[in-house]
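In: Here is a sequence together with a model predicted from it:
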Amino acid sequence: MGPRTVRLSSKLTLVFAALLLGGLLIVSPLIHWITEWWWYGSLEQQPVLLTLTVGRSLSWGISALVFFLFSWGNYRLALNLTRYSVFRVKAGFAPEGMPVQAMINLLALGLAIFWALSGASGFINAWETILKFRHATAFNLLDPIFSQDVGFYTFTLPFYQLVKNWCLYLVVIGLLTTVPVYIFKGTLDLGRGWQNVIIGRPKAHLTLLTMALLLLIAWSYWLARFDLLYSADGVVFGAGYADAHSGLWVLAVLSLLGAVAVGLLGWSLRRNGVVLALVVLAGYGAIAFLLPFIPLLEQQLSVAPNELTKETPYIEYNLDLTRQAYGLDRIDRQVYPVETNLTQAVLQANRATIDNIRLWDYRPLLSTYREVQELRLYYRFQDVDLDRYTLEQNYRQVMLSARELEYGRVPERAKTWVNQRLKYTHGYGLAMSPVNRVTPQGQPEFFIQDIPPVINTDLVLDQPRIYYGEATDQFIFTGMGTDEFDYPIGQENAANRYSGLGGVPIPTIWHRLLYALDRADLKILISNYFTPEARIHYHRQVRDRVQRLAPFLRLDQDPYLVITNGRMQWFLDAYTISNRFPYAEPINPAFNYIRNSVKVVVDAYDGT
């Protein structure tokens, strides 16, 4: 085998490896997307996945394409404008047999691809900002400085800032692409003196890019005026006296001077040399450095000695808008006349209140539930919730917890694929006790206990099985050629077959193949237990399930269990939040506005 054959074989190996890697990078996400499409379809929510996919794909794809074309286009333009010059590089820059120009083209192409991909990744979630802008609504509340509706800050301003940042990145990569070309071709040369550092059409090229950059900087200063309403540097959150006076003036002047600088740079194109352009840039840079000191001086010399007088209106803005941001302005204050003449008759008249005074703390109660009601190692109470029910015609406050199945606690000898995916599929029942009852042994007095559920009140529980829960996160199969484990009966086990609406159908071998690839589990493909009625249940953890369906909502950390119409259901509070409410004091960087806008209900049996 000769050297040429060896080189050819090595090249073929590299090509095959590259194709294999590329295929995996494309095929694996595609398979996952298809299985997600089936999952969303099982809940009739495929438009959600479509919106997410199209939004992210367009945001990333358009950004990557434009960034690449702009970078590569500016590189080719710079080459064309300097076509009579050659690159000044050291000997050995390019591999033997490869022209210098080809090597530089390859480097420029790689750099353009890198900038396109890395830049696009930063804008992959731009679709959400764009959709909020397109569907903006008014709050019917004006800010006290600019008299803009709060909706402008929540929906419109973030879009403007997104466009500004996108364009800034575009112009910067254009400059980073062209300047090295002009330097290495000798077109941009400080050795010729400032008057002739760059001339001709390359000068026009760089000047136009610099004008675009300055214009965007001027726009940035203009938009920064609105960001003063989120300043955290003053006495309170939001613009203070110095911000609202000299701070606004400084930013407006810098924005105006930026526009003037753009005009002067345009005029410099009609003149020889670059002295005027350099003077404009240096002058604008110096002004941009010095002017921000004016608000600092005003704060120290004028505001600080008279802080209470000058900052009071802005403190009031903060208090007023913070109340409105958190809905505290809707609190109805009432004076309650306290009386000290408590009698037995008063206690009897308020018996319902007395009977619902909570004595149990959830922490020791959770430990007690786990000790006396988990019954088997593989069951687990995650936490204790509070609820109220009308029981035997009395309104009662109760504490309750779902008995979920935690497969990790199954004995090691029983941890087989069949047990994990087909047998141990669900939890069972719950424990419920009144908040104020204790047995002589110090135990809670149960309203619902044991497996199968023993109910000591008139509450109805028709479906005690838990396929979807707080900690239920493993995928399982139902409708298979074997019964599921339902619950223990002494040394025996009761069996069950799922008959609910949950899960994704697996009607064909192709479905099994894709799930086997997606889950990296060959047994899904080769198992003989599958039937035409088989279903796969995944995304079974309640918060994860809801977040996939409503990614625009901020979910509460703790779903709580409710028994309604004989079924166990998970209720979850969901919030709309924003960190763009002017003057409102933030709880954390994530938000300074919140509303409990949505109650989400997930059935513990069906997952619907």
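Out: Alright, I've got the coordinates. Numbers count the residues shown, from 1 in each chain.

In: Which element is encountered next along the chain beyond the worst-scoring helix or strand of the chain on mean pLDDT?
Out: When each helix and strand of the chain is scored by mean pLDDT, DSSP states H and E, helix 3-42 comes last, with a mean of 73. On the C-terminal side of helix 3-42, the closest following helix or strand by DSSP states H and E is helix 46-81.

In: Buried residues in that following helix, which are they?
Out: 48-49, 52, 55, 59-60, 63-64, 66-68, 70-72, 74-75, 77-79, 81 (16 or more other C-beta atoms under 10 Å). C-beta here means a position set from N, CA and C on the backbone, and glycine is covered the same way.

In: and what of stretch 137-157?
Out: 139, 143-146, 148-157.

In: next one: stretch 470-481
Out: Buried-residue list, stretch 470-481, by 16+ other C-beta under 10 Å: 470, 471, 472, 474, 475, 476, 477, 478, 479, 480.

In: In a markdown table: those, plus distance to residue 376, secondary structure and pLDDT.
Out: What follows is these, written out as a markdown table (distance: C-beta to C-beta, whole Å; DSSP: H, G, I helix; E, B strand; the rest coil; pLDDT from 0 to 100):
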| residue | distance to residue 376 | secondary structure | pLDDT |
| --- | --- | --- | --- |
| 470 | 18 | coil | 92 |
| 471 | 16 | coil | 88 |
| 472 | 16 | coil | 88 |
| 474 | 17 | coil | 91 |
| 475 | 22 | coil | 93 |
| 476 | 18 | strand | 94 |
| 477 | 22 | strand | 95 |
| 478 | 21 | strand | 94 |
| 479 | 25 | coil | 92 |
| 480 | 22 | coil | 92 |
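
In: give me the low-pLDDT residue ranges for the chain?
Out: Applying pLDDT under 70 to the chain flags the ranges 1-25, 83-100, 185-186, 188-199, 272-273.

In: Leaving out chain neighbours, which residue sits closest to residue 168?
Out: Nearest in space to residue 168, with sequence neighbours left out and distances taken as C-beta to C-beta, 6 or more residues apart in numbering, is residue 216 at 5.1 Å.

In: Just want the angle from the host helix or strand of that neighbour to helix 46-81.
Out: If you go by DSSP H and E, residue 216 is part of helix 200-227. Comparing the axes of helix 200-227 and helix 46-81 via axes from the mean of the first three to the mean of the last three C-alpha atoms, to 10 degrees yields an angle of 140 degrees.

In: Determine the set of other helices and strands touching the next helix or strand after helix 200-227.
Out: Counting by DSSP H and E, the next helix or strand C-terminal to helix 200-227 is helix 241-242. Where contact means 3 or more C-beta pairs under 8 Å, 6 or more residues apart in numbering; DSSP states H and E, helix 241-242 is packed against helix 293-298, helix 307-325.

In: Any chance you could list what contacts the next helix or strand after the longest one?
Out: Spelled out, it's helix 307-325. Sequence order places helix 344-349 as the next helix or strand after helix 307-325, per DSSP H and E. Helix 344-349 has contacts (C-beta atoms under 8 Å, 6 or more residues apart in numbering) with residue 354.

In: Next, report how far whatever helix or strand comes next after helix 344-349 is displaced from the centre of its chain.
Out: Using DSSP H and E, the helix or strand that follows helix 344-349 in sequence is helix 351-354. Distance of helix 351-354 from its chain centroid, counting by C-alpha atoms, centre = their mean, to the nearest Å, is 45 Å.

In: what residues does the very next helix or strand once past helix 351-354 touch?
Out: Downstream of helix 351-354, the first helix or strand assigned by DSSP H and E is helix 362-373. Contacting residues not belonging to helix 362-373 are listed as 380-381, 383-384, 386, 399, 401, 403, 431, 433, 443-444, 446, 449-450 [C-beta under 8 Å, 6+ apart].

In: 10 Å instead?
Out: With contacts defined as C-beta atoms under 10 Å, 6 or more residues apart in numbering, helix 362-373 is touched by 359-360, 379-386, 399-401, 403, 429-433, 435, 442-444, 446, 448-451.

In: tally of neighbours for the residue nearest to residue 168?
Out: Using other C-beta atoms under 10 Å, residue 216 is surrounded by 21 other residues.

In: could the helices and strands packed on helix 241-242 go into a markdown table alongside mean neighbour count and distance to residue 578?
Out: Shown next, in a markdown table, are the helices and strands packed on helix 241-242 (neighbours: other C-beta atoms under 10 Å; distance: least, C-beta to C-beta, whole Å):
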| stretch | mean neighbour count | distance to residue 578 |
| --- | --- | --- |
| helix 293-298 | 16 | 27 |
| helix 307-325 | 17 | 9 |
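
In: In space, what's closest to residue 321 - neighbours in sequence excluded?
Out: Here the residue nearest residue 321, using C-beta to C-beta, 6+ apart, is residue 583, at 4.0 Å.

In: That neighbour against residue 142, yeah?
Out: No: under the criterion of C-beta atoms under 10 Å, residue 583 is not in contact with residue 142, lying 11.6 Å apart.

In: quick one: common contacting residues for the two?
Out: Residues within reach of residue 583 and of residue 142 at once, by C-beta under 10 Å, 6+ apart, are residue 150.

In: wait, isn't residue 534 in contact with residue 528?
Out: No: using C-beta under 10 Å, residue 534 is not in contact with residue 528; the gap is 11.6 Å.

In: Those two: which is more packed in?
Out: Remark: of residue 534 and residue 528, residue 534 carries more neighbours, 22 against 7, as counted by other C-beta under 10 Å.
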